[in-house]
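In: Sequence and predicted structure are below.
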Amino acid sequence: MAEILPKLYAAVFVNYTICEVIFVIFPAIRALREDRDWTQQQVADMLYLNRRTYSAYENGTNSITPELLIQLAALYQTSVDYLLGLTEVRTPYPRKNQKACPGELRQP
């Protein structure tokens, strides 16, 4: 059994190089923005970011945090897996019923 686990883990583990991140994530968020005919300023405003900051994310100058990746997936109504290039399916996964964190606002 000990011999099987590392092989299974290695088969499931996804390890991006910085170049792969630039060529997978950043074009995806740009394409999704352009599909909606949104400007970088509009998206930056929706995410409460400066336009230059959002532009740096889209161009690969800044690294995208997991929190921002989740926000982008929600904004573009897709999955994080789609943004990461792990699936070609744009539709998001069904949401599980989650308990709200204390102080967290729920959207209707």
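Out: Perfect, I can see it now.
In: Which positions within the one helix or strand Asp45 maps to qualify as buried?
Out: Assigned by DSSP states H and E, Asp45 belongs to helix 40-46. The neighbour-count check on helix 40-46 (16 or more other C-beta atoms under 10 Å) flags 40, 43-44 as buried. (Each C-beta comes from the backbone N, C-alpha and C, glycine too.)
In: what about Ser55, which helix or strand?
Out: Counting by DSSP H and E, Ser55 is part of helix 51-59.
In: hey, where'd the helices end up in the chain?
Out: Along the chain, counting by DSSP state H, helices occupy 4-12, 18-35, 40-46, 51-59, 66-75, 80-83.
In: Now do the buried residues in the last one.
Out: Neighbour-count burial for helix 80-83 flags 80, 82-83 (criterion: 16+ other C-beta under 10 Å).
In: Who are the packing partners of it?
Out: With contacts taken as 3 or more C-beta pairs under 8 Å, 6 or more residues apart in numbering; DSSP states H and E, helix 80-83 sits against helix 18-35, helix 66-75.
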